[in-house]
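> The following block contains a protein sequence and its predicted model.
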Amino acid sequence: MARTVIVHVGAPKTGTSFVQDLLFAQRERLREHGVLYPADRFDAHFLAALDLLQLPWGGIEEEATGAWDRLAAEVRAWPGTAIISHEILATASRAQVARAFETLRANDETELHVVYSARDLVRQIPAEWQENIKHRRETTYGDFLAELRDPARAEPTARWFWAVQEVPDVLDRWGATLPREQVHLVTVPPPGAPHGLLWQRFARVIGLDPTEFVPEAVRTNASLGVAEAALLRRLNVRIVDLVWNHNYRPLVREHLVHQNLSEQRVSPKLSVPPEVWEWAEDLSRKWVSELALRAYDVSGDLDDLLPRPALPWADPDDPDPEQLAEAGLNALTALTVEAARLRDQQRVLTDEIADLHAELDRAYVTPLYRWRRSLVEKAATNASARRGLALYRRVRGRNSRST
Amino acid sequence: MTGEPEYQAAVRAWAARLRAAEPVTWSAFCASGDGASVGARVDPSTTLVPGSGQLEIVRRLAVLHRSEGLPDFAGLADLVLASSGPGRGLVDPPLPWPGSAPGHGPAPVEPDLLPGTELVRAASGALVPLLLRSPVAPVHPTASSRLRRYLPGRHRFAVAGTPLTAAAVRTALLDAGWVEGGSRATHLVLGRDLESMMAEHWAARTLAGAERRWRPLWRRAVTTESLPPRLRLDEIAARRSNEHGPGAVHLVLGRDAAEIAAGVRAATGAGISLGPIDADVVAADLLRRLNPFLVLAGGSAGRRTAIAGPWPAALRDARRSTSRTALGAPRGLLPWAIGTADRMAGRITGRVPDAAAGGDYAVHGDPAVLVPDRGRDVARTVDPDDVADLAVRMIAALWRYEAQEGDR
């Protein structure tokens, strides 16, 4: 039975994809070390989280039915350490946390640990807005910032943001029933920190040797610049009612944003305006003071959660026209090339279909087939032939191909 | 704040009062000073404090229990209090508590003042399992009704157009002994004013599993400059006329069920009558919210079963009257609706009768009825509080079915 279960619950944009990729890629080696990362596909924990949270996600939820219980059963059956990781788990309510723990515990001996990774708000705010607009949203940056600062959290974007990013609240929900030493807070190092430091911090809390488990190919969510983000938001306004999610995902999010715009950034990185920086700094200081009192196990430094000096402010709601035009041309180029590739692919497929039809026709060129075809042609003008054909079809049944 | 033992004891004490079917609000409960005394009798081993949305749903059920009586109310309360609101929303908003300093997490809110959307979410946590495990069996066509379509010599029909009206006409004609389908069928294409047709279309789509809200449904039509295919009445009638001959196709238009029934009688000679046909837009809004949760919890097959049996039964029982909220085009989109309907009416009126080429059909009723009435007093959005009210009544109806099944 699992002795230790580690549940990594987010937050988004704190290196979670990096950790999940590493754990998934090396899950066989982990098993040899007595550590279970129970996943047969890279998004297995995402589906399980959707199931636990009863969270619809653009139609993918049908694949999630029962996924949490299956995952929990695997964990319960494992005799060593098991790790579960997904950033949307941060949104769990207390009732959902209770259900998660209840299903993961094999017996009273099972030791549950919660890991939450956090990054300073001034980097999280623009990152979350970018995620929003990469998911078809049309909210301007100005409105987004205002929604976050609304104490009532009236808008869905604000509810989601604080549900995953409000460090003391997330740890309250996930850690309230656990001893403090089993609640781990990993802080994301500030910009410019040594490469690999974040992984070292993660590895310590999940009990792995960071030099033994080294990251291979890493999936990164490159960020957009101010002009690219502005372009994408304006594009959403125009296409959101015309392009469904199943086409938006590969064409816009993957091809345009991930493979092109974020790779060819022509504008500065997105930041926050000075008054938002001050508000975020004030809030972060309150969080850090409270977290210091709670005596969680901190991997890193609580001061990492305090914002560093702000980047120069450029407003994505009023982008530089030249940068916007350049980003627009890059987007047009990328989508034109993709359209050409798809047309070429269509031509290849059309040719293949024509070849297959020709082969089929050759197979059908027999005396009986020729007789039936002439009967069909005559049926268009001759009533007797029409009756004969109808009789033939009734006898033959409805599966007759062209005759 | 939510971690304070006094606060937790008071919330549990209030939950116990609600569980005993006393519909007292949180503010009244706090004002009465009962928290401490009742809290002492509540099992302290339960560490989980119920959510404010779930508590408010139980309070509303207790109000319903007083007037209508619900079996095993404590069991129903336990079901709701143990559930969690699915989907996105406020996570565990606390209740107002005197003397507590503002902290992190959502702001405290009186449960009876929670937004309707949050209450619907809280109710969904109980509605989804009740729908999926309901003992009410889906209604399937009987063997005799399936057999009837093969009997010779019957009058035959086919219906198209606005979906709920088409369904009502289908039922009326089947009841009158007509048979659906067949090469010699009389084709009826049915239509009403465009706003009502869009409401019918929305309700039908949600029954089929759609999650789309009312405004985006219209926005798509406006952006693409095209109505949903089943509402392009002139195109449907012309196509069917080409396929089956002009004498076989009748476009029946009416302001209400009585006018539609008159048109169908004129077209077919069948002596039918129709009850009121109005899309239940509040139910449609509830169902479009529930659809993804039903799929998550029970898969597509589970959702279909729930919608085929328990859903219509509970909806019928939850609705006291047949009057329905009329829902018009969303704010700002009425001019587009009027223009689009007006153009369709014009195409129908000005069609070129050409029996040889097809494309012609008989019209019963005035094409002008398609055009929405600018002066009609209608809602432009569905009120989430109405949806929450319906959700509570549906929980009660489904709970009764379970109790009846348990009694057998």
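Happy to help now that I have it.
> make it CA atoms for all contacts and neighbour counts henceforth
OK.
> what does chain B put close to chain A?
Neighbours of chain A within chain B, by Cα under 8 Å from any Cα of the partner chain: B:48, B:50, B:82-84, B:86-92, B:104-107, B:216, B:219-220, B:223-224, B:292-293, B:295-300.
> backbone phi and psi for the closest residue to chain B within the stretch 1-150 of chain A, please?
Proximity of the stretch 1-150 of chain A to chain B (Cα to the nearest Cα) peaks at A:L55, 4.4 Å away. Torsion angles at A:L55 (phi, psi; degrees, to the nearest 10) stand at phi -120, psi 110.
> among the residues of chain B next to chain A, which ones are buried?
Buried by 16 or more other Cα atoms under 10 Å in any protein chain shown: B:50, B:82-84, B:86-92, B:104-107, B:219-220, B:292-293, B:295-300, out of these.
> next helix or strand past the least confident helix or strand in chain B by mean pLDDT?
Using mean pLDDT, DSSP states H and E, the weakest-scoring helix or strand in chain B turns out to be helix B:35-39, at a mean of 54. Following helix B:35-39 in sequence order, the next helix or strand is helix B:52-68 (DSSP states H and E).
> Run through the neighbouring helices and strands of that next one.
Helices and strands touching helix B:52-68, as assessed by 3 or more Cα pairs under 8 Å, 6 or more residues apart in numbering or on different chains; DSSP states H and E, comprise helix B:5-19, helix B:73-82, helix B:116-132, helix B:384-407.
> Can you give me the buried ones in that helix?
B:52-65.
> For burial, what's the neighbour tally of residue 255?
Because you didn't say which chain, this covers chain A. Residues lying near A:H255 (other Cα atoms under 10 Å in any protein chain shown) number 17.
> right idea, wrong chain: chain B
16.
> Surely B:V159 is within a strand?
Yes. The assignment for B:V159 is a strand, going by DSSP: H, G, I helix; E, B strand; the rest coil.
> Hmm, it is touching B:G191, no?
No. Contact status for B:V159 versus B:G191: not in contact, 10.9 Å apart, counting by Cα atoms under 8 Å.
> Sketch out the low-pLDDT regions of chain B for me.
B:1-3, B:34-47, B:101-102, B:140-153, B:321-322, B:352-359, B:408 (pLDDT under 70).
> Now the residue nearest to B:T349 when sequence neighbours are not counted: phi and psi?
Once flanking residues are discounted, B:T349 sits nearest to B:P367: 6.8 Å by Cα to Cα, 6 or more residues apart in numbering or on different chains. B:P367 adopts backbone torsions of phi -60, psi -20, taken as degrees, to the nearest 10.
> Report how many residues lie close to the residue of the stretch 1-150 of chain A closest to chain B.
Number of residues near A:L55 (other Cα under 10 Å) recorded here: 21.
> Regarding B:G339, which helix or strand does it belong to?
helix B:334-349.
> Which positions in the stretch 1-150 of chain A make contact with chain B?
Residues of the stretch 1-150 of chain A found near chain B (Cα under 8 Å from any Cα) are A:51, A:53-56, A:59, A:61-62, A:64-66, A:91-96, A:98.
> Would you mind checking the residues you listed for buried ones?
Neighbour-count burial (16+ other Cα under 10 Å) is assigned, among those, to A:51, A:53-56, A:61-62, A:64-66, A:91-96, A:98.
> and the residue of the stretch 251-400 of chain A nearest chain B?
A:W287 (8.5 Å).
> Let me see the contact set for that residue.
Going by Cα atoms under 8 Å, 6 or more residues apart in numbering or on different chains, A:W287 touches A:V167, A:P168.
> Tell me the spacing between it and A:D303.
10 Å (Cα to Cα, to the nearest Å).
> next one: A:W313
Counting by Cα to Cα, the gap from A:W313 to A:D303 is 23 Å.
> need the helices for the stretch 1-150 of chain A, in chain order.
Applying DSSP state H, counting those that start in this stretch to the stretch 1-150 of chain A gives helices spanning A:16-25, A:27-32, A:44-53, A:67-77, A:94-104, A:121-134, A:141-149.
> which residues are in contact with the fifth one?
By that I understand helix A:94-104. Contacts for helix A:94-104 (Cα under 8 Å, 6+ apart): A:5, A:52-53, A:69, A:72-73, A:75-76, A:112, A:173-174, B:48, B:50, B:82-84, B:92.
> Kindly recompute the last result at 7 Å.
Contact partners of helix A:94-104, identified using Cα atoms under 7 Å, 6 or more residues apart in numbering or on different chains, comprise A:L52, A:L53, A:A72, A:V75, A:R76, A:R173, A:W174, B:L48, B:S84.
> repeat for the second one
Applying Cα under 7 Å, 6+ apart, the external contacts of helix A:27-32 come out as A:L36, A:Y37.
> what comes up buried for it?
A:R27, A:L30, A:R31.
> could you say what helices and strands the helix ranked longest in chain A packs with?
Counting residues, the longest helix found in chain A (DSSP state H) is helix A:321-364. Contacts defined by 3 or more Cα pairs under 7 Å, 6 or more residues apart in numbering or on different chains; DSSP states H and E place helix A:321-364 against helix A:226-239.
> and the residue lying closest to A:A49 once chain neighbours are set aside, what is it in contact with?
Distances taken as Cα to Cα, 6+ apart put A:L89 closest to A:A49, at 6.0 Å, once the chain neighbours are dropped. Applying Cα under 7 Å, 6+ apart, we find A:L89 in contact with A:V9, A:G10, A:A49.
> got the contact list for whichever residue of chain B sits closest to chain A?
Minimum separation of chain B from chain A (Cα to the nearest Cα) falls at B:G87, amounting to 4.4 Å. B:G87 sits next to A:Q54, A:L55, A:P56 when contact means Cα under 7 Å, 6+ apart.
> Of the helices of the stretch 1-150 of chain A, flag the one that's most buried.
Stretch with highest mean neighbour count among those: helix A:44-53 (a mean of 24; mean count of other Cα atoms under 10 Å in any protein chain shown).
> average model confidence for that helix?
Helix A:44-53 carries an average pLDDT of 97.
> Just confirm B:H155 contacts B:W178, I think it does.
Yes. The pair B:H155 / B:W178 is scored as a contact, 5.1 Å apart, by Cα atoms under 7 Å.
> so where's the longest helix in chain B?
Max-length helix for chain B by DSSP H is helix B:281-308.
> how distant is it from the center of its chain?
In terms of Cα atoms, centre = their mean, to the nearest Å, the centre of helix B:281-308 is found 10 Å from the chain centre.
> What helices and strands are in contact with it?
Counting contacts by 3+ Cα pairs under 7 Å, 6+ apart, helix B:281-308 is packed against helix B:116-132, helix B:194-207, helix B:384-407.
> Next, the angle helix B:73-82 makes with the last one.
Going back to what we said before, that points to helix B:384-407. Calculated by axes from the mean of the first three to the mean of the last three Cα atoms, to 10 degrees, helix B:384-407 forms an angle of 130 degrees with helix B:73-82.
> What residues sit buried inside helix B:384-407?
B:384-402.
> Using PDB, list the CA coordinates for it.
Extracted in PDB, the C-alpha atoms of helix B:384-407 (Å, rounded to 0.1, in the frame of the first residue of the first chain):
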ATOM      1  CA  PRO B 384     -30.200  33.200 -13.000                       C
ATOM      2  CA  ASP B 385     -32.400  33.500  -9.900                       C
ATOM      3  CA  ASP B 386     -35.300  31.900 -11.900                       C
ATOM      4  CA  VAL B 387     -32.900  29.100 -12.900                       C
ATOM      5  CA  ALA B 388     -31.800  28.600  -9.300                       C
ATOM      6  CA  ASP B 389     -35.400  28.400  -8.200                       C
ATOM      7  CA  LEU B 390     -36.200  25.800 -10.900                       C
ATOM      8  CA  ALA B 391     -33.100  23.800  -9.800                       C
ATOM      9  CA  VAL B 392     -34.300  23.700  -6.200                       C
ATOM     10  CA  ARG B 393     -37.700  22.400  -7.300                       C
ATOM     11  CA  MET B 394     -36.100  19.800  -9.600                       C
ATOM     12  CA  ILE B 395     -34.000  18.500  -6.700                       C
ATOM     13  CA  ALA B 396     -37.200  18.100  -4.700                       C
ATOM     14  CA  ALA B 397     -39.000  16.300  -7.500                       C
ATOM     15  CA  LEU B 398     -36.100  13.900  -8.100                       C
ATOM     16  CA  TRP B 399     -35.800  13.300  -4.400                       C
ATOM     17  CA  ARG B 400     -39.500  12.300  -4.300                       C
ATOM     18  CA  TYR B 401     -38.900   9.800  -7.100                       C
ATOM     19  CA  GLU B 402     -36.100   8.200  -5.100                       C
ATOM     20  CA  ALA B 403     -38.200   8.000  -2.000                       C
ATOM     21  CA  GLN B 404     -41.100   6.400  -3.900                       C
ATOM     22  CA  GLU B 405     -38.800   3.900  -5.400                       C
ATOM     23  CA  GLY B 406     -37.500   3.100  -1.900                       C
ATOM     24  CA  ASP B 407     -41.000   2.600  -0.600                       C
END
